[in-house]
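In: Sequence first, then the predicted structure, then my questions.
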Amino acid sequence: MSDLMIIKLGGNAATQLSPAFFAQLAAWHDAGNKVLLIHGGGPQINAWSQKFGLTPIKKAGIRVTDPQTLQVTQAVLLGVVQPQLCLALSQHGLPALGLNCTDAHLLVGDFLDQAIYGQVGAVTGVNGQALSEFLTDHIGVLAPLAQTEDGQLLNVNADMAAAAVATALHASKLVLLTDVPGVLEQGNVVAKLTPQKAAQLIATNVITKGMQPKIEAAAHTAQVVHEVVITDALNHAGTVVVACAG
Ligand SMILES: Nc1ncnc2c1ncn2[C@@H]1O[C@H](COP(=O)(O)OP(=O)(O)O)[C@@H](O)[C@H]1O
Ligand SMILES: CC(=O)N[C@@H](CCC(=O)OP(=O)(O)O)C(=O)O
């Protein structure tokens, strides 16, 4: 889908969207592009887990998801974060459509490493035809969950979900919208991140926590998607992630 724009909204970013954000979505949509938002919700899942007496555990930026945590994750993503986003789009006159993996088997997945992470998956299949139809008239708002071939629900890191969809559907653009202006090195935004630079920044612990799966997902996607950007606003340059040094 050469006209597909995918914006991944981190849980923090999703709560602080500017008028310029909605104006840009409207401009893309009005120009005939397909626009898909894939939302996170990590901070919200943390907060609700704690309300239920569960201690959030993450390994390399990925949530360890036992059956109780999966229930909270599902409830928060589909019952809190997604409707808030859809309402915000509606308030700005945009035709939002909330989506999850069980709609037309949009996202199929497999366990990442059940012994380490529990009910966590990686996306192995995307129903591009159904998604394309959904996005003809709507701006999709998709949760980072997948279902296994035999119908088990999996929690998916939202950066990895967005990267998988962008790669599978050959999106023209993937923006990872987060709470920092890009990949930071000594307080400065790294304008262009090559795989070599990323490896160096990970090895020296400059890139840590949630930025680590984000970079890995972005670098993988950059092999297929022309424009992969990490930023805090659609009108900020941020960090452009490229597949090779050239
Ligand atoms: N080198 C880095 N540059 C910028 N942010 C970094 C870096 N290393 C770690 N981080 C952390 O990564 C966070 C963004 O990742 P994450 O919390 O997963 O965001 P999101 O919820 O948007 O996916 C930043 O807020 C910051 O704390
Ligand atoms: C497996 C896994 O880590 N899933 C993530 C899904 C949400 C997410 O990625 O949200 P952010 O983009 O706000 O971090 C989680 O449970 O937090």
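Out: Received, thanks. Numbering: from 1, shown residues only. Ligands and ions are numbered 1, 2, ... in the order given.
In: from here on, contacts and neighbour counts on C-alpha atoms
Out: Fine.
In: Where do the helices of the protein begin and end?
Out: 19-30, 42-51, 67-76, 82-91, 114-117, 128-137, 158-168, 195-203, 211-221 (DSSP state H).
In: quick one: is the fifth one near ligand 2?
Out: No: no part of helix 114-117 sits near ligand 2 under the criterion CA under 6 Å from any ligand atom; the closest distance found is 7.8 Å.
In: ok, now how distant is residue 104 from residue 217?
Out: 25 Å (CA to CA, to the nearest Å).
In: Neighbour count for these two, which is higher?
Out: The neighbour comparison of residue 104 against residue 217 (other CA atoms under 10 Å) goes to residue 217, with 20 against 13.
In: Give me the distance between the more buried one and residue 97.
Out: Counting by CA to CA, the gap from residue 217 to residue 97 is 25 Å.
In: what's the answer for residue 35, then?
Out: From residue 35 across to residue 97, the span is 11 Å (CA to CA).
In: do residue 107 as well
Out: The value you get for residue 107 to residue 97, if CA to CA is used, is 16 Å.
In: Check residue 146 too.
Out: Applying CA to CA to residue 146 and residue 97 gives a distance of 18 Å.
In: Which one of those two is surrounded by more residues?
Out: residue 146 (30 against 21).
In: can you pull the contacts of the more buried one?
Out: 100-102, 106-109, 121-123, 153-156 (CA atoms under 8 Å, 6 or more residues apart in numbering).
In: per-residue confidence for it?
Out: Residue 146 is assigned 98 on the pLDDT scale.
In: Poorly predicted segments of this structure, please.
Out: 1-2, 245-246 (pLDDT under 70).
In: near ligand 1, which residues of it show up?
Out: 10-12, 42, 178-180, 182-185, 206-211.
In: again, only using 5 Å
Out: Counting by CA under 5 Å from any ligand atom, the positions of the chain adjacent to ligand 1 are 10, 11, 178, 183, 184, 206, 207, 208, 210, 211.
In: how many neighbours does the fifth one have?
Out: As a burial measure, residue 184 scores 17 neighbours (other CA under 10 Å).
In: how close does residue 228 get to residue 178?
Out: 13 Å.
In: I'd like to know how many residues surround residue 232.
Out: Neighbour tally, residue 232, other CA under 10 Å: 23.
In: residues in contact with the closest residue in space to residue 168 that isn't next to it in sequence?
Out: Leaving out its chain neighbours, the residue that sits closest to residue 168 by CA to CA, 6 or more residues apart in numbering is residue 126, at 6.8 Å. If you count contacts by CA under 8 Å, 6+ apart, residue 126 has them with 105, 106, 107, 108, 165, 168, 169.
In: Equivalent analysis for residue 55, please.
Out: 46, 49.
In: quick one: it from ligand 1, how far?
Out: Going from residue 55 to ligand 1 by CA to the nearest ligand atom, to the nearest Å gives 17 Å.
In: cool, and residue 147?
Out: For residue 147 relative to ligand 1 (CA to the nearest ligand atom), the value is 21 Å.
In: do the same with residue 77
Out: 13 Å.
In: okay but that residue is in contact with residue 41, surely?
Out: Yes: shown here, residue 77 and residue 41 form a contact pair, counting by CA atoms under 8 Å, at 6.3 Å.
In: Now do the contacts for the nearest residue to residue 64 once chain neighbours are set aside.
Out: Spatial nearest neighbour of residue 64, chain neighbours left out: residue 117 (4.4 Å); criterion: CA to CA, 6+ apart. By CA under 8 Å, 6+ apart, the contact list for residue 117 reads 59, 62, 63, 64, 65, 66.
In: and the first one, how many neighbours?
Out: Same thing as residue 59. Neighbours around residue 59, by other CA under 10 Å: 11.
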